[in-house]
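1. 3D, please:
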Amino acid sequence: MNRRRSKLLFACLLLLPLPAAAETISFSGDSMESVLATGRERTLLSGNAYVATEENVIRADVIELYGDEFQYIRTRGHVEVLNEEKQIELSCQELFYDREARVIRVNGNVVMVDKKNEMVVKGGFLEDWEDREETIVQIGVRVLKEDLVCRCEFARYLRDEDKLELAGMPVVNWKGDEYRALKIFMDLDKDTIRLEGAIQGTVVPEAEEEE
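-> Residues are numbered from 1 along each chain as shown. Have a look, this model is predicted:
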């Protein structure tokens, strides 16, 4: 029985208690292929694939669940992630999610919308640690917020503190002023900015800005 395999092709919706990951997971798709052998458990969903954990809803063209008690989720195709509690939406081409470590890694045309802090972050790669509310974005990074546009190659975003750390030729256009440096640190909650190394800036007088 431990080596038994089953291949199923049907639209499915399953609810599975997963004590190792301390949460229940549900999933569905137009087709499903499963390997149930102990130690090699694996489920592949394709066609309108959907997975819901206690925090995240994930949709993609193809979703693979594997590991002990389906600890890992890997997706490809047009990927969308929604976390209603944290008011975060993600879209990308590829995603890896470790449910136990609570780490998400995504690649390819990444867009993160943080509705709580009214911010949009774009890049080529994103890594998010859910427990400590920290996000790392790399490759062609863009950060968009009211009165703020940032460009760089590396960004560290602390969501709870509403702080940004930018590196890799960062350029910040903030409230009409432009800042460049080797590193730029911003506290968006307190409206403060700190620059380090090769500092350049252009400050537009308020009267000129109004004109």
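2. so the residue nearest to Val106 when sequence neighbours are not counted bridges to which residues?
-> In this structure, Val106 finds its nearest non-sequential neighbour in Cys92, 4.0 Å apart by Cβ to Cβ, 6 or more residues apart in numbering. Every C-beta, even on glycine, is put in place using the N, C-alpha and C of the backbone. Partner residues in beta bridges with Cys92, using DSSP bridges, are Val79.
3. quick one: low-confidence parts of this structure?
-> 1-22, 36-40, 206-211 (pLDDT under 70).
4. Next up, phi/psi of Asp68, please.
-> Backbone torsions of Asp68, given as degrees, to the nearest 10, read phi -60, psi 120.
5. what about it, neighbour count?
-> Other residues near Asp68 number 12, with proximity taken as other Cβ atoms under 10 Å.
6. Also Gln71?
-> 17.
7. And Lys175, by the same measure?
-> Neighbours of Lys175 (other Cβ under 10 Å): 13.
8. who's in contact with it?
-> 147-148 (Cβ atoms under 8 Å, 6 or more residues apart in numbering).
9. cutoff 7 Å now
-> Going by Cβ atoms under 7 Å, 6 or more residues apart in numbering, Lys175 touches Asp147.
10. What of Gly197?
-> Contacts of Gly197 by Cβ under 7 Å, 6+ apart are 181-183.
11. repeat for Glu134
-> Taking Cβ under 7 Å, 6+ apart as the test, what Glu134 contacts is Leu158.
12. picking that back up, from the contacts of Gly197, which is closest to Val81?
-> Lys183 (29.4 Å; Cβ to Cβ).
13. got the phi/psi numbers for the closest one?
-> phi -140, psi 140.
14. quick revisit: thought Met112 was touching the residue nearest to Val106, still the case?
-> No. The pair Cys92 / Met112 is not scored as a contact, 8.9 Å apart, by Cβ atoms under 7 Å.
15. For the closest residue to Ala60 other than its chain neighbours, give the beta-bridge partners.
-> Spatial nearest neighbour of Ala60, excluding adjacent residues (Cβ to Cβ, 6+ apart): Thr75 at 3.8 Å. Assessed by DSSP bridges, Thr75 has beta-bridge partners Ile63, Leu95.
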